[in-house]
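Enquirer: give me a model of this one.
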Amino acid sequence: TQECYVQNTAREYAKIYAAEAEPLEGFGEVPEIIPIFLVHRPANNIPYATVEEELVGEFVKYSVKDGKEINFLRRDSEAGQKCCTFQHWVYERTHGSLLVTDLQG
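Expert: Modelled structure (predicted):
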């Protein structure tokens, strides 16, 4: 489905971003996007489902889908700044064609 394509495309960009950030002294860890899978279940009433790893714990939303909400943790924390940097990097890398949103961790 489109959901799988979108998330896995963002994941591929995250891998490239990580490879480019790795040699930067002191950059540290980079945001990671977990994979999502499309499962075909022909015997089920709903033949397709998407699945991803269940992550447990408290999460901070560093970006939103609609842009109406400002999250100061995005600006004030290292993780938030890295998410913002990743978003900007993808936007620039794709010449404005893609913008990654809904980053949380």
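
Enquirer: use CA for all of it now, contacts and neighbours both
Expert: OK.

Enquirer: the protein: helices as residue ranges?
Expert: Applying DSSP state H to the chain gives helices spanning 2-21, 72-76, 78-93.

Enquirer: most tightly packed of the ones you listed?
Expert: Highest mean neighbour count of the helices of the chain: helix 78-93, a mean of 18 (counted as mean count of other C-alpha atoms under 10 Å).

Enquirer: adding distance to Glu54 and mean pLDDT, write the helices of the chain out as TSV.
Expert: Putting the helices of the chain into TSV (distance: least, C-alpha to C-alpha, whole Å; pLDDT from 0 to 100) gives the following:
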stretch	distance to Glu54	mean pLDDT
helix 2-21	15	91
helix 72-76	23	64
helix 78-93	21	89
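
Enquirer: ok, and the closest non-adjacent residue to the spatially most central residue of the chain?
Expert: Compute the mean C-alpha point of the chain, and by C-alpha atoms, centre = their mean the closest residue is Ile33, 4.6 Å away. Excluding its sequence neighbours, the residue lying closest to Ile33 (C-alpha to C-alpha, 6 or more residues apart in numbering) is Arg11, at 5.1 Å.

Enquirer: next: Val30.
Expert: Of all residues not flanking Val30 in the chain, Ala18 sits nearest, at 5.9 Å (C-alpha to C-alpha, 6+ apart).

Enquirer: how close does the one you found sit to Gly28?
Expert: As judged by C-alpha to C-alpha, to the nearest Å, Ala18 and Gly28 stand 10 Å apart.

Enquirer: now the residue of the chain positioned farthest from its centre: how far from Thr1?
Expert: Most distant residue from the mean C-alpha position of the chain: Ala43, 32.1 Å away (C-alpha atoms, centre = their mean). Distance of Ala43 to Thr1, computed by C-alpha to C-alpha: 19 Å.
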